[in-house]
Every structure is written in structure tokens, then in C-alpha cells.
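1. what follows is a predicted protein model with its sequence.
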Amino acid sequence: MNLRDSLALLGTLRPRSVEPDKDIDLAHDLADLIVRVRINAGLSQTEFADLAGTTQARISDLEHGAGNPKLATVSRILTVVSRLLENMAATRESVPEPQNVTQAYQGATTDQAANSNLAIAA
């Protein structure tokens, strides 16, 4: 079966009436997750980027809902988020509510993040 035949078969098997859910915005959901966890962990964008094996500019783009990251980048970021959440749960810290994210983001300084004693298990 060639590509054209495969696509034709797929078109018959998958209903075309299914519309994407307009309420789901993965870029902004990822942005909110990164900001909430990073700020609560007391990490700067640079520190978070180092843990995720990417750049501060990439983290900034993602936190603003911009960019088109590769799956490997998203996977590394989600691994860091998972480890940070595990550490927060172990120390009984909580993730800030969404309405507090902006305040936390604006109030965090590089010095505060640099003084963080958070250790991430490999």
C-alpha cells in the first residue's frame, strides 16, 4: 500500500466531523505549568533551562506561549517539572494557585532563585 492509499484509508476510518476542542490550548497550558512549578521551586529561567538541557531563551519563549519546541525538548522539560513536583510533595510545599502565578512571577528575582537550596534527584 502506498502513501496515497494509506491516506485515503485513514480518511475513511476517521470521521471528518470531529472538530478540535477550542478550549484546549496546549501552549498556554505548558506555559502555566512551567511558570507555576519553576517559581514555586525558586528557580530562575536560566537554572530551570540548565536542568532541562535547553536555553533560557527557549524557556522564556515557552513561558510566553510562543515557540514550537521539539518533542524531545518538551519531554526533558516535563521530566524536570515532574522531579520538582516530587520534591515539593516530599517537602509538603504546594504549587501556587493560578491567580497567584503573575504575582509570584513578578516578585521573583534572580538572587532569590540563586539562593534556592532545592536538590533535584537524577
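-> Now that the structure is in, tell me what you want to look at.

2. CA atoms for contacts and neighbours, from now on please.
-> OK.

3. which stretches in the protein count as helices?
-> 3-13, 26-41, 45-52, 56-63, 71-90, 98-107, 110-114 (DSSP state H).

4. looks like Thr46 contacts Gly53 (just checking).
-> No. Counting by CA atoms under 8 Å, Thr46 sits too far from Gly53 to count as a contact (10.2 Å).

5. where does this protein have low pLDDT?
-> 1-24, 92-122 (pLDDT under 70).

6. and if we set it to 50?
-> Within the chain, the stretches with pLDDT under 50 are 17-18, 100-106, 108-122.

7. show the contacting residues for Gly67.
-> 58, 61 (CA atoms under 8 Å, 6 or more residues apart in numbering).

8. and it, its phi and psi?
-> When read as degrees, to the nearest 10, the backbone of Gly67 gives phi 90, psi 170.

9. state the distance from it to Glu47.
-> Counting by CA to CA, to the nearest Å, the separation of Gly67 from Glu47 is 19 Å.

10. what of Val74?
-> 16 Å.

11. out of Thr46 and Gly53, which sits in the busier spot?
-> With neighbours defined as other CA atoms under 10 Å, Thr46 and Gly53 compare such that Thr46 has more, 19 against 13.

12. quick one: the closest residue to the more buried one other than its chain neighbours from Leu85, how far?
-> Nearest non-adjacent residue to Thr46, counting by CA to CA, 6 or more residues apart in numbering: Gln56, 4.7 Å away. Distance, Gln56 to Leu85, by CA to CA: 20 Å.
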